[in-house]
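J.: when you get a sec, could you give me coordinates for this:
(one chain, ligands or ions: 1)
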Amino acid sequence: MKKILVATEKPFAKVAVDGIKEVAAEAGIEVVMLEKYTEKAELLAAVADVDAMIIRSDKVDNEVFDAAKQLKIVVRAGAGYDNVDLVAATAHGVVVMNTPGQNSNAVAELVFGMLVYAARNFYNGKAGTELKGKKLGILAYGNVGRRVAHIAKGFDMDVYAYDAYCPASAIESDGVKAVASQDELFAQCGIVSLHIPATAETRQSINAALVGKMPKGAILVNTARKEIINEPELLALMKERGDLKFMTDIMPDADAEFRVFEGRYFSTPKKMGAQTAEANINAGVAAARQIAAFFKDGCTKFQVNK
Ligand code: 3PG
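T.: This next block holds a predicted model:
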């Protein structure tokens, strides 16, 4: 009998785990759980005899692949797969997949949770501002970016987007204004929401030169990855610009230094964007289905290491 290890340092909701087990049982696959682990050694021991893994932001590196002698497939239940060493996976003959789109709505809703909190001055009693009529810039128009645009229209916001890999016509067909560059997006919009992945190209790309272009009263929201922020430069800019707010769902390395900007900085203690029952079910069950289809028919749809 094949075995799936669900290795989640940040566990799924129970209903999602039940859903994964149901799909696996139908496919004749056993499920073993490793939740809330704190040591890598626990992961290394747990992977020893499994054929598949479902993970979230859990790090799967060369050492994990070395320890997982039977492993054939890893599915990242979510969008970003920067936590998996794809080169090592390929070298070990392991297929890596993600589950694109399955948790996007949850992340997009959190963007607005954080935006209202920022616009209303962290609910400190002082008059804030509304989102209606404000210019929102969406950086990267993927599954989350699209969902953010959709919700923003409900707030009557003026929505702009830039995506180096998405044609302007696709953005415009959603009734969103496509701008020609990242610089233009930041210069135009008082609110910018980040949805770029962490890649060699994007690491530390959100720097002072870029954020400094934002109009007065700017709000920067990050629900993507902490690696895309140039933290020293953003810290210096926030010191210089008392009007700038930074809301993030990924705690920066320099969290203690950002905390100095009381009322202008907020970070969730743990990444919460995809942490809803619905997103857990969607992404977790999709991952289980993808593994079942892989073992049954060799289906490699959603493979990211090819
Ligand atoms: C993703 O890439 O899907 C999101 O960042 C969610 O990550 P999580 O599953 O670790 O919450």
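J.: list phi and psi for whichever residue of the chain sits closest to the ligand.
T.: Closest to the ligand within the chain is G78: 2.5 Å, counting by C-beta to the nearest ligand atom. For every residue, glycine as well, the C-beta is placed using N, CA and C. Backbone geometry at G78, expressed as degrees, to the nearest 10, gives phi 160, psi -170.
J.: longest helix anywhere in the chain?
T.: helix 277-297 (DSSP state H).
J.: before we move on, the earlier item: can you count the residues close to the residue of the chain closest to the ligand?
T.: Here the count is done by other C-beta atoms under 10 Å, and G78 has 26 residues near it.
J.: ok, it - contacts?
T.: When the contact criterion is C-beta atoms under 8 Å, 6 or more residues apart in numbering, the partners of G78 are 56-57, 98-99, 102-103, 274, 283.
J.: can you check F294 too?
T.: 52, 72-73, 95, 97, 300 are the contacts of F294 under C-beta under 8 Å, 6+ apart.
J.: need the pLDDT of F295.
T.: F295 carries a pLDDT score of 98 in this model.
J.: again, but for Q102
T.: On the pLDDT scale, Q102 is placed at 98.
J.: quick check, it in contact with E278.
T.: No: assessed by C-beta atoms under 8 Å, Q102 is found out of contact with E278, at 9.4 Å.
J.: with neighbour numbers in mind, choose between the two.
T.: Here Q102 and E278 are compared on neighbour count by other C-beta under 10 Å; more neighbours surround Q102, at 23 against 16.
J.: ok, now which ones touch the more buried one?
T.: Residues touching Q102, when contacts are defined by C-beta under 8 Å, 6+ apart, comprise 77-79, 279, 282-283, 286.
J.: mind doing that once more with 6 Å?
T.: Taking C-beta atoms under 6 Å, 6 or more residues apart in numbering as the criterion, Q102 is in contact with 282-283, 286.
J.: possible to save these as JSON lines with neighbour count and distance to the ligand?
T.: What follows is the contacts of Q102, written out as JSON lines (neighbours: other C-beta atoms under 10 Å; distance: C-beta to the nearest ligand atom, whole Å):
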{"residue": "N282", "neighbour count": "23", "distance to the ligand": "11"}
{"residue": "A283", "neighbour count": "28", "distance to the ligand": "7"}
{"residue": "A286", "neighbour count": "25", "distance to the ligand": "11"}
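J.: up against the ligand, what does the stretch 1-150 of the chain have?
T.: By the rule C-beta under 6 Å from any ligand atom, the part of the stretch 1-150 of the chain lying against the ligand is 10, 56-57, 78-80, 103.
J.: separate out the buried members of these.
T.: Buried members of those, scored by 16 or more other C-beta atoms under 10 Å, are 56-57, 78-80, 103.
J.: so the residue nearest the centre of the chain, which state does it fall into?
T.: Nearest to the mean C-alpha position of the chain, by C-alpha atoms, centre = their mean, lies A224 at 4.5 Å. For A224, the secondary-structure state derived from DSSP: H, G, I helix; E, B strand; the rest coil is coil.
J.: quick one: it and L194 touch, right?
T.: Yes: because the distance of 4.7 Å satisfies C-beta atoms under 6 Å, A224 is recorded as touching L194.
J.: quick one: the helices in the stretch 201-306 of the chain?
T.: If you assign secondary structure with DSSP state H, counting those that start in this stretch, the helices in the stretch 201-306 of the chain sit at 208-211, 231-240, 255-258, 277-297.
J.: list the buried residues for the third one?
T.: Taking 16+ other C-beta under 10 Å as the neighbour-count basis, helix 255-258 is seen to contain the buried residues F258.
J.: contacting residues around it?
T.: Contacts with helix 255-258, where a contact means C-beta under 6 Å, 6+ apart, come from 235, 252, 265, 267.
J.: list the contacts for the residue nearest to A170 when sequence neighbours are not counted?
T.: Spatial nearest neighbour of A170, excluding adjacent residues (C-beta to C-beta, 6 or more residues apart in numbering): Y141 at 7.4 Å. By C-beta under 6 Å, 6+ apart, Y141 lies in contact with 161, 163, 166, 171.
J.: what's the helix or strand for Y141?
T.: No secondary structure element spans Y141, as it lies outside all helices and strands (assigned by DSSP states H and E).
J.: what of V87?
T.: Counting by DSSP H and E, the secondary-structure element that holds V87 is helix 86-91.
J.: list of residues touching the following helix or strand past that helix?
T.: Elements were assigned by DSSP H and E; along the chain past helix 86-91, the next helix or strand is strand 95-98. Contacts to strand 95-98, defined as C-beta under 6 Å, 6+ apart, come from residues 73-76, 79, 81, 84, 86, 89, 290, 300, 302-305.
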